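Visitor: Have a look at this fold, sequence not included:
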């Protein structure tokens, strides 16, 4: 045997090389079986966790498996796989939002719908109109719900992972608003109101940020998902809502009475009216006991005034339950309605003003309707029941007409949303409204994956030529891939959105990781300094690595202030911390063992 190899040590090296090649073959078979298990729609965690454990057993020297640094590395790999919940064959639709007018009460956001009335869920099934009891098969079992009309559910296909993708990858809407007043306090108030409005409406994953350019202030809104029509309808309205009642005041020789909290004597001339000591001309407004009164027209024996009985500030609750929020199908249109609860002040003003109206004999309602406006646009004109004359009524109904059922559902939801969120502190103008195609995002993601594969192949070639040792090359690649996996796991755990800057940050972090690994290997292989042990050589490399990592983190912190660079900076920092605290210490242990062998 000694003659064949020339020396005993050569025989040991040959046996170890054959043993490592054998282990690589086993690992290749393991990769194939794992791929087959994932494509067969088996539970990803139950497949990938054993794969990682067996990969460690096959590829990592047995002596290092008891090392604490390697065990920490293994723990974070398994935890990351659990956080990602990879599913290569997703089925069903995840509920992303539930409209306030939805009659389905036993479904929650995040629940997965598989079938509705035994039909596979898709956009057409979700948009369909239903009447009666329906059957819902979900990830929490079979449920039943009574529905009349649209389901009121927003859903999206089940994701391949728990990762959240940004606007540039998922698609959506980008809008830029210019408020009429652009001071910091007003812009903050606009953002707060619009956030409430958009969240109530059900659009999700929205990002708001103030933008200042050439002395002007703007608000940029990006929403992953949603349509330009939905966003425009929510943003264009300032949300100033009010209700008016016009009433006549009869005069005798220019004198009359207006009844509010008490009787107010009024005096009318040819072109003005004096009430409570205040004189107004036609078209002007006077406020009496908190009720704005606008003088419309003066006739010979009467004049009429329009009173604002309540505004959006007087609305306490907007009801969305089926009992107080409904849609009626008429011959040529659809009438929608919903209830609101007024404040005591709003209800009192309504009672005061209606006491000035007459009851129309035989008709059952008062002589003037209540007219509803939203941002100077007429919403509806409703007759007032005679039973409400002078009555303090805190709960009233708002209604409107739409041509189709779909429009009725949308119009009602938009008005409910605006009333819930309140009015903007100033008017806004949409200066930019763009729809970003998700196809573009998928193309970016695909190109990024191909670029990563090409980069990894390039690293394999260069490292292979540099060291000519397969047992060093594969641990480097495995370590780099594990860094990516742990970074994505952290992103899934903290719900960090993956967008193009974040992908660039991952690439930068992996690049610095490979540099560090090369530094560790070169220090360990240096033979000119015989006085240093292997541990001391690796420790010297880590001194440089920690210094470089600190420098990168320090360079990224200022970039976090810039919104466009925040994703890149945070992802790079996470990647560097994962490398210097988890993967590179474990790689240093592997290198020491592999080189000794």
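Guide: Cool, the structure landed. All values reported here derive from a predicted model rather than from experimental measurement.

Visitor: how about low-confidence regions in the stretch 151-300 of the chain?
Guide: Residues of the stretch 151-300 of the chain that meet the criterion pLDDT under 70 lie in 167-168, 171, 199-205, 224-227, 230, 233, 236-237.

Visitor: hey, where'd the strands end up in it?
Guide: With DSSP state E, counting those that start in this stretch applied, the stretch 151-300 of the chain shows strands at 153-157, 164-165, 172-179, 206-213, 216-224, 241-250, 255-259, 263-268, 272-275, 278-281, 285-288, 291-298, listed in chain order.

Visitor: Packing partners of the second one?
Guide: When you say that, I think you mean strand 164-165. For strand 164-165, the packing partners by 3 or more Cβ pairs under 8 Å, 6 or more residues apart in numbering; DSSP states H and E come out as strand 497-498. Using the backbone N, CA and C atoms, a C-beta is placed for each residue, glycine as well.

Visitor: From what I see, residue 175 and residue 432 are in contact.
Guide: Yes. Residue 175 lies in contact with residue 432 (Cβ atoms under 8 Å); the separation is 6.5 Å.

Visitor: who has more neighbours, the two?
Guide: A count of neighbours by other Cβ atoms under 10 Å puts residue 175 above the other of residue 175 and residue 432, at 20 against 11.

Visitor: check contacts around that one.
Guide: Applying Cβ atoms under 8 Å, 6 or more residues apart in numbering to residue 175 gives the contacts 220-222, 231-232, 235, 430, 432-434.

Visitor: Try it again at 10 Å.
Guide: Residues counted as contacts of residue 175 (Cβ atoms under 10 Å, 6 or more residues apart in numbering) are 194, 219-223, 228, 231-232, 234-235, 430-434.

Visitor: per-domain residue ranges of this protein.
Guide: As recorded under automatic domain parsing, the domains making up the chain are 53-87+439-596, 93-157, 167-239+429-437, 241-403.

Visitor: still on that earlier bit, give the intersection of the neighbour lists for residue 175 and residue 432.
Guide: Joint contacts of residue 175 and residue 432 (Cβ under 10 Å, 6+ apart) are residue 220.

Visitor: what's across from the closest residue to residue 273 other than its chain neighbours in the sheet?
Guide: Closest residue in space to residue 273, ignoring its immediate chain neighbours: residue 295 at 5.4 Å, by Cβ to Cβ, 6 or more residues apart in numbering. Beta-bridge pairing for residue 295 (DSSP bridges): residue 305.

Visitor: Residue 295 reaches residue 288, doesn't it?
Guide: No. Using Cβ atoms under 10 Å, residue 295 is not in contact with residue 288, being 11.9 Å away.

Visitor: on that earlier part again, let me know which of the domains of the chain is the nearest to residue 409.
Guide: With Cβ to Cβ, the closest approach to residue 409 among those belongs to domain 93-157: 5.0 Å.

Visitor: Report the distance from that closest one to the chain centre.
Guide: Relative to the centre of its chain, domain 93-157 is centred 20 Å away, using Cα atoms, centre = their mean, to the nearest Å.

Visitor: Next: stretch 375-393.
Guide: Centroid displacement of stretch 375-393 relative to its chain, using Cα atoms, centre = their mean, is 38 Å.

Visitor: For the remainder of this discussion, apply numbering that starts at 13.
Guide: Yes, from this point I'll number from 13; that puts the last item at stretch 387-405.

Visitor: For it, give the mean pLDDT please.
Guide: Confidence for stretch 387-405, expressed as mean pLDDT, is 83.

Visitor: which sections of the stretch 463-609 of the chain are below the confidence cut-off?
Guide: Applying pLDDT under 70 to the stretch 463-609 of the chain picks out residues 539-544, 575-576, 608-609.

Visitor: buried stuff in stretch 495-515?
Guide: For stretch 495-515, the neighbour count (16 or more other Cβ atoms under 10 Å) marks 495-504, 508-515 as buried.

Visitor: Could you report the neighbour count for residue 364?
Guide: Other residues within reach of residue 364, judged by other Cβ under 10 Å, total 22.

Visitor: swap that for residue 462, sorry
Guide: 10.

Visitor: so it, which of the three states?
Guide: What DSSP: H, G, I helix; E, B strand; the rest coil gives for residue 462 is helix.

Visitor: how near is it to residue 566?
Guide: The gap separating residue 462 from residue 566 is 33 Å, by Cβ to Cβ, to the nearest Å.

Visitor: cool, residue 533 as well?
Guide: 26 Å.

Visitor: between these two, who's got more neighbours?
Guide: A count of neighbours by other Cβ under 10 Å puts residue 533 above the other of residue 533 and residue 566, at 24 against 10.

Visitor: Quick check: phi and psi at that one.
Guide: With angles defined as degrees, to the nearest 10, residue 533 sits at phi -60, psi -40.

Visitor: Spatially nearest residue to residue 200, not counting backbone neighbours?
Guide: Residue 200 sits nearest to residue 222 (Cβ to Cβ, 6+ apart), 7.6 Å away.

Visitor: Settle this for me: the one you found is touching residue 201, isn't it.
Guide: No. Assessed by Cβ under 10 Å, residue 222 is found out of contact with residue 201, at 11.3 Å.

Visitor: For stretch 465-480, what is the distance to the chain centroid?
Guide: Mean-position distance between stretch 465-480 and its chain equals 40 Å (Cα atoms, centre = their mean).

Visitor: Ok, stretch 317-324 next?
Guide: Mean-position distance between stretch 317-324 and its chain equals 37 Å (Cα atoms, centre = their mean).

Visitor: per-residue confidence averaged over it?
Guide: On average, stretch 317-324 scores 90.

Visitor: How much space separates residue 233 from residue 207?
Guide: For residue 233 relative to residue 207 (Cβ to Cβ), the value is 9 Å.

Visitor: what is in contact with these two at once?
Guide: With contacts defined as Cβ under 10 Å, 6+ apart, the residues adjacent to both residue 233 and residue 207 are 218-220.

Visitor: that older thread, just send the strands of the stretch 163-312 of the chain back as CSV, with distance to residue 68 too.
Guide: Output for the strands of the stretch 163-312 of the chain, formatted as CSV (distance: least, Cβ to Cβ, whole Å):
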stretch, distance to residue 68
strand 165-169, 34
strand 176-177, 29
strand 184-191, 40
strand 218-225, 39
strand 228-236, 37
strand 253-262, 63
strand 267-271, 86
strand 275-280, 87
strand 284-287, 87
strand 290-293, 85
strand 297-300, 78
strand 303-310, 76
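
Visitor: of all those, which lies closest to residue 321?
Guide: Nearest of those (Cβ to Cβ): strand 253-262, 5.3 Å.

Visitor: Run the angle between that closest one and strand 267-271 for me.
Guide: Counting by axes from the mean of the first three to the mean of the last three Cα atoms, to 10 degrees, strand 253-262 lies at 140 degrees to strand 267-271.

Visitor: What residues sit buried inside strand 253-262?
Guide: Neighbour-count burial for strand 253-262, counted by 16+ other Cβ under 10 Å, picks out 253-261.

Visitor: How about stretch 121-130?
Guide: 123-125, 128.

Visitor: Can you tell me which of the residues you listed end up in strands?
Guide: Secondary structure from DSSP state E places 124-125, 128 of those in strands.

Visitor: one step back: and residue 307 and residue 300? Which one has more around it.
Guide: residue 307 (23 against 19).

Visitor: Now do the same contact list for the more buried one.
Guide: When contacts are taken as Cβ under 10 Å, 6+ apart, residue 307 is in contact with 261, 280, 283-285, 287, 291-298, 315-318.
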